[in-house]
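Asker: what's the 3D shape of this:
(chains A, B and C)
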Amino acid sequence: MEVNHELEEEEGNLPDVPLADPPAPVPTSPPSCLTTEKPNFATDATTEGKAISVASNECSSTLSSPAEAKPAVTPPPILEQTFDQTPATSQILSATDPVKSPGAKDFPAVLTFKGVSVTLENNTIWKQFCQCGTEMILTKQGRRMFPYCRYRLAGLDPNRMYSLVLSIVPSSPFRYRWNTSRWEANGPTEHQSQGLIRAFPHHYSPCLGSDWMSCLVSFYKLKLTNCFQDQEGHMILHSMHRYIPRLHIIPVLDGATPTVDKPVVMGPESITFTFPQTEFMAVTTYQNFRITQLKINHNPFAKGFREDGNNSRLQRIHPPAVSPETRTKLLKPAEPAEQQEEVMDLSGLEIEFLRPNQGCRLEVSGCLSATASFNSDTPNQHTNFIACW
DNA sequence: TCTTCTGACACCTTTGAAGAGT
DNA sequence: AACTCTTCAAAGGTGTCAGAAG
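Answerer: I've put the predicted structure just below:
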């Protein structure tokens, strides 16, 4: 039983947030190749009302706030920044380097590059977590992210097929330790040079641009694990290391139906979007009390830990020795911790595109080109993949 | 001794089946 | 017979905590 809200319709609980550069509506005709895997928007629409309120009801509520609506009503400055402009490589767009950023509050919710806009829909909650130093729990069986990555896309070619892939890459070459109230670098990582990074293709990939743009794209299904023998398709990370999710928008070549023998080429039109506010520390146990409180306050599944007043469990967890005033103080945002980060070289990393129970691997070479393949029992989905970073 | 990890636990929400009512 | 609504059990997500492991 799953909460069906990976493709979230605009209607429902979410306010209608105008986009910075909405594309002109173009009539769409679903391709025959999507008959089995195409999002069932009608079905999704009926479930989204519930689903959105489930997985991120706080997100949606905060979206209603003036603060959150602002970037949509008044589009933030369009940020066009390109890395690796070399031909045959994809474009990587990041709002700003988190190391050099003065504070999380300035991170834009919308990134635009070559006419393609990606909005981090739950930007408000991401910023709240970012200001405290987001932590994500890793478990052996896999733990969902919270907040999770939820995007709204605009500017895609409505009639073109795109694949959306989320990868989570190391954002720092260090291993960290929690020292009383802050994260401190604790030596270089031992893993990343030969580490295995997986990428998570969205369940409905590939899909028409019009379909991607007509709904919210959520990667709520993504689970994080520290189990390196994981066969469930979860994202394998190292605890006490810092990571950042990246969204890859990969146009599918016209007329090219991916097969095992005909891999899809990720050419220069592919774009990677990185929102610095989504950076997080992978942990097995929460270290920062403020993060714990934010999770409890915002994640509906943790409602049982909220300070409702009549929760016997909470009374055991938080005995009266800690006064409400003290706890309130603890919950106040701390000064932005001084961060020590560097741009790291991802050369030599291996990236595995996830297809549960189906092994496949993508190698990233030093020249930032990459190849990958995955099998699928669904003939309409990518079965092979070649990417250029 | 300290840090990190693991598994059990209680509590929560959602889903879907089953039944009743219209 | 078809549809809608309610109830309830099951599944799965959540943070906490004690103990294990290194």
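
Asker: show me what from the stretch 101-250 of chain A comes close to DNA strand C.
Answerer: With the criterion set to CB under 7 Å from any atom of the strand, the stretch 101-250 of chain A comes near DNA strand C through A:Ile137, A:Arg143, A:Arg144, A:Phe146. For every residue, glycine as well, the C-beta is placed using N, CA and C.

Asker: these in helices, which ones?
Answerer: Among these, no member falls in helices (DSSP state H).

Asker: how near is A:Pro188 to A:Phe174?
Answerer: As defined by CB to CB, to the nearest Å, A:Pro188 lies at a distance of 6 Å from A:Phe174.

Asker: between those two, which one's more packed in?
Answerer: A:Phe174 (22 against 12; other CB atoms under 10 Å).

Asker: helix, strand, or coil at the more buried one?
Answerer: Secondary structure assignment for A:Phe174 (DSSP: H, G, I helix; E, B strand; the rest coil): strand.

Asker: out of the residues of the stretch 101-250 of chain A next to DNA strand C, grab the one that's most surrounded.
Answerer: For those, the largest neighbour count, defined by other CB under 10 Å, is 22 neighbours, found at A:Phe146.

Asker: and the pLDDT at that one?
Answerer: The score at A:Phe146 is 94. That number is its pLDDT.

Asker: residue contacts, it?
Answerer: Contact partners of A:Phe146, counting by CB atoms under 8 Å, 6 or more residues apart in numbering, are A:Met136, A:Lys295, A:His298, A:Asn299.

Asker: could you report the neighbour count for A:Lys303?
Answerer: 12.

Asker: any weak-confidence spans in the stretch 1-150 of chain A?
Answerer: Low-confidence segments of the stretch 1-150 of chain A (pLDDT under 70): A:1-90, A:95-105.

Asker: one step back: which ones among the residues of the stretch 101-250 of chain A next to DNA strand C are found in strands?
Answerer: A:Ile137, A:Arg143, A:Arg144 (DSSP state E).

Asker: DNA strand B: which of those is nearest?
Answerer: A:Ile137 (8.3 Å; CB to the nearest atom of the strand).

Asker: surely the closest one touches A:Thr225?
Answerer: No. In terms of CB atoms under 8 Å, A:Ile137 does not count as a neighbour of A:Thr225; the distance is 10.1 Å.

Asker: between the two, what contacts are shared?
Answerer: Joint contacts of A:Ile137 and A:Thr225 (CB under 8 Å, 6+ apart) are A:Arg143.

Asker: skipping adjacent residues, who's closest to the residue in the stretch 1-150 of chain A positioned nearest to DNA strand C in space?
Answerer: For the stretch 1-150 of chain A and DNA strand C, the shortest gap (CB to the nearest atom of the strand) falls at A:Arg144, measuring 3.7 Å. Spatial nearest neighbour of A:Arg144, chain neighbours left out: A:Lys223 (5.6 Å); criterion: CB to CB, 6 or more residues apart in numbering.

Asker: ok, that neighbour touching A:Gly142?
Answerer: Yes. With contact defined as CB under 8 Å, A:Lys223 reaches A:Gly142; the gap is 3.2 Å.

Asker: how close does A:Ile236 sit to A:Thr274?
Answerer: Here the criterion is CB to CB. By it, A:Ile236 lies 20 Å from A:Thr274.

Asker: more neighbours: which of those two?
Answerer: For A:Ile236 versus A:Thr274, the count of surrounding residues by other CB under 10 Å is larger for A:Thr274: 25 against 21.

Asker: surely that one and A:Pro108 touch.
Answerer: No. The criterion here is CB under 8 Å, and A:Thr274 misses it with A:Pro108 at 11.7 Å.

Asker: do a quick rundown of the helices in the stretch 51-200 of chain A.
Answerer: Secondary structure of the stretch 51-200 of chain A, counting by DSSP state H, counting those that start in this stretch: helices at A:66-73, A:123-132.
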